[in-house]
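> requesting a structural model of the entry that follows:
(one chain, ligands or ions: 2)
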Amino acid sequence: MAEKTLNVFEIAQSQVKNACDKLGSDPAVYEILKNPMKVTEVSFPVKMDDGTTRSFTGYRSQHNNACGPYKGGIRFHPAVNLDEVKALSTWMTFKCGVVGIPYGGGKGGIAIDPTEFSEGELERISRAYARAIAPIIGEKQDIPAPDVNTNGKIMSWMVDEYANVTGEFQPGVFTGKPVDFYGSLARTEATGYGVATMAMEAAKKLGIDLKNVRVGLQGCGNVGSFAGTYIEEFGAKVVIVGDHTGNIYNENGIDMKALVAYNMEHRCIKGFPGAEPTDQHVLTADVDILMPCALENQLTEANANDIKAKIICEGANGPTTPEADKIFFERGLTLVPDILANSGGVTVSYFEWVQNLQRYNWTFDEVQEKQTVLMKKAFEEIWKLAHEFNVDMRTAAYMMSIKRIEDAMKLRGWFTETK
Ligand SMILES: NC(=O)C1=CN([C@@H]2O[C@H](COP(=O)(O)OP(=O)(O)OC[C@H]3O[C@@H](n4cnc5c(N)ncnc54)[C@H](O)[C@@H]3O)[C@@H](O)[C@H]2O)C=CC1
Ligand SMILES: O=C(O)CCC(=O)C(=O)O
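Ligands and ions are numbered 1, 2, ... in the order given. Below you'll find the model as predicted:
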């Protein structure tokens, strides 16, 4: 049967609506949260190495800032479009609410394939985008960070360009920077570490010993590489990994550190000598835990009944459609939703920002310990709420988050209760 809806922004809106209905929120709450507060589209020219000039289109969606400045990554990917950044910014608002950090949600992107450009071209594109969005961002206004295909080096160029434009050096205007340039220790690892930690918490709840567990991992980028490395460190075996070039399998467990090193060098997992290529797709493989850490709309009505994992822990944003969510809930699978499972990235971005504002650095262990405490607390609260209301963990996570945002909006006088 064909999917009813795969528009990610409509999916995000339906998730918010569903939780508002379950909470019995005032109608004003969904009315405010259903759309981003501001969406900016920019077009900017960049000189290419061959002397020609190309125009690029970029976006920044600022969903809601009731709890603090907008916060969220910048994506460079050919599939970036307005609806995608709107959805991603919506998810950011609720992600920050889940861990209770003082931010709202934002997200930006440019529809490019960065591998088509030289390093110099990529730097000029990044700087031009930073100049174009400079009027709407700032340390206290909107704080971007890395997402798919962006990294600390790109954040450093953007901090520099922002300083050129505004005349003010504000390192806290972007997070996810290199440790040698105002970045935080444990930020690079943060998202994947958090995903592995949440998978471990879910396993504990189900009485599953990680020592006997087989893991499937989709994506071996920033999130997937650390999710895989940490779950292996926690005792599990990553037996199958998939990326944009295919799937690889090793019954005895893939050596994650070796795979990550290979992927760093080759930008893909294909050809990794420590595993065999396989036609088996990672998503439907015979595993206990599945960690989708690539892109949206991977687990759908079309494959939901074929998923073998007992635990799905979402490293990616939006990998599961609402139709698949329903099937997983009916099948009794445990799904740790993106806004909880991958909240480690923005949590440590928040710690980076705090360190930047204080011009003071914390140790790796201090940062990771603070992340662990916040995420485990959120997991416990959401687990409890899900069981209390007999809803899936995604609905419970939205319910918890919406309550916090609703309270802030009410206190700020954005609406008056009518019921
Ligand atoms: N980097 C971060 O801190 C955070 C990232 N996320 C989300 O995690 C996901 C991954 O982000 P990153 O690891 O940062 O990106 P990345 O660019 O470092 O890695 C992306 C990975 O996805 C794989 N991929 C791309 N297309 C694919 C396809 N069609 N099939 C299978 N694999 C495919 C790539 O091969 C690569 O391994 C995204 O949804 C992102 O929004 C969420 C929270 C924070
Ligand atoms: O680190 C951040 O501020 C944002 C990370 C992000 O874009 C995400 O969680 O999806």
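> tally of neighbours for residue 8?
Per other C-beta atoms under 10 Å, the neighbour tally for residue 8 reads 22. Backbone N, C-alpha and C define where each C-beta goes, glycine included.
> I meant residue 251, not that one.
Look at residue 251: counted by other C-beta under 10 Å, it has 11 neighbours.
> does it count as helix, strand or coil?
Under DSSP: H, G, I helix; E, B strand; the rest coil, the three-state class of residue 251 is coil.
> give me every residue that touches it.
Contact partners of residue 251, counting by C-beta atoms under 8 Å, 6 or more residues apart in numbering, are residue 239.
> what's the distance between it and residue 231?
Taking C-beta to C-beta, to the nearest Å as the measure, residue 251 and residue 231 are separated by 17 Å.
> longest strand anywhere in this protein?
strand 53-64 (DSSP state E).
> mean confidence (pLDDT) on it, please.
Rounded to a whole number, the mean pLDDT of strand 53-64 is 98.
> please put the alpha-carbon coordinates of it into CSV.
Taking C-alpha atoms only, strand 53-64 is exported to CSV below (Å, rounded to 0.1, in the frame of the first residue of the first chain):
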residue,chain,number,x,y,z
THR,A,53,29.4,32.7,-10.6
ARG,A,54,26.6,30.6,-9.3
SER,A,55,23.6,31.5,-7.2
PHE,A,56,22.6,29.3,-4.3
THR,A,57,19.4,29.2,-2.2
GLY,A,58,19.5,28.7,1.5
TYR,A,59,17.0,28.6,4.3
ARG,A,60,16.6,29.3,8.0
SER,A,61,13.4,28.3,9.8
GLN,A,62,12.9,29.7,13.3
HIS,A,63,10.1,27.6,14.8
ASN,A,64,9.5,28.9,18.3
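> now it, how far from the centre of its chain.
Mean C-alpha position of strand 53-64 versus that of the full chain (C-alpha atoms, centre = their mean, to the nearest Å) differs by 19 Å.
> anything in it near ligand 1?
No - in terms of C-beta under 6 Å from any ligand atom, no part of strand 53-64 sits within range of ligand 1; the closest distance is 13.6 Å.
> host element of the residue in the stretch 51-200 of the chain positioned nearest to ligand 2?
Closest approach of the stretch 51-200 of the chain to ligand 2 (C-beta to the nearest ligand atom) occurs at residue 73, with a separation of 2.7 Å. Using DSSP states H and E, the secondary-structure element containing residue 73 is strand 70-76.
> which other helices and strands does that strand contact?
Judged by 3 or more C-beta pairs under 8 Å, 6 or more residues apart in numbering; DSSP states H and E, strand 70-76 is in contact with strand 53-64, helix 82-99, strand 105-110, strand 142-146, helix 152-166, helix 344-358.
> what comes up buried for the second one?
Translated: helix 82-99. Residues of helix 82-99 classed as buried by neighbour count (16 or more other C-beta atoms under 10 Å): 82, 84-99.
> over to the last one?
Using 16+ other C-beta under 10 Å as the test for burial, helix 344-358 gives 344-356.
> are it and ligand 1 in contact anywhere?
Yes - in terms of C-beta under 6 Å from any ligand atom, part of helix 344-358 sits within range of ligand 1, namely residue 345.
> burial measure for the residue nearest to residue 111 when sequence neighbours are not counted, as a count.
Taking C-beta to C-beta, 6 or more residues apart in numbering, and ignoring the residues beside it in sequence, residue 111 has residue 80 as its nearest neighbour in space, at 4.3 Å. A count of nearby residues for residue 80, using other C-beta under 10 Å, gives 23.
> which SS class is residue 80?
In the three-state summary, residue 80 is assigned as coil, counting by three-state DSSP.
> ligand 2 contacts on the stretch 151-300 of the chain?
Near ligand 2, when you scan the stretch 151-300 of the chain using C-beta under 6 Å from any ligand atom, you find 175-176.
> what segments of the stretch 151-300 of the chain are strands?
214-218, 237-243, 246-249, 276-278, 289-292 (DSSP state E, counting those that start in this stretch).
> which residue does the stretch 201-350 of the chain bring closest to ligand 2?
Proximity of the stretch 201-350 of the chain to ligand 2 (C-beta to the nearest ligand atom) peaks at residue 349, 3.3 Å away.
> for that residue, what are its contacts?
Here residue 349 is in contact with 71, 143, 145, 175-176, 184, 187, 190 (C-beta under 8 Å, 6+ apart).
> and which of those residues is nearest residue 323?
Set against residue 323, the nearest of the contacts of residue 349 by C-beta to C-beta is residue 71 (29.5 Å).
> the spatially closest residue to the closest one that is not a sequence neighbour: neighbour count?
In space, not counting the residues next to it along the chain, residue 71 is nearest to residue 103; the distance is 3.9 Å by C-beta to C-beta, 6+ apart. A count of nearby residues for residue 103, using other C-beta under 10 Å, gives 25.
> buried residues in stretch 320-328?
Going by neighbour count (16+ other C-beta under 10 Å), the buried part of stretch 320-328 is 320-325, 327-328.
> picking up where we left off before, contacting residues for the residue of the stretch 51-200 of the chain closest to ligand 2?
88, 107-108, 144-148, 150, 176, 345.
> ligand 1 contacts on the stretch 151-300 of the chain?
Contacts of the stretch 151-300 of the chain with ligand 1, taken as C-beta under 6 Å from any ligand atom, map to 191, 218-224, 242-244, 293-295.
> hmm, try it at 8 Å
Of all the residues in the stretch 151-300 of the chain, those in contact range of ligand 1 (C-beta under 8 Å from any ligand atom) are 151, 176, 190-192, 218-225, 242-245, 263, 268-269, 282, 293-296, 298.
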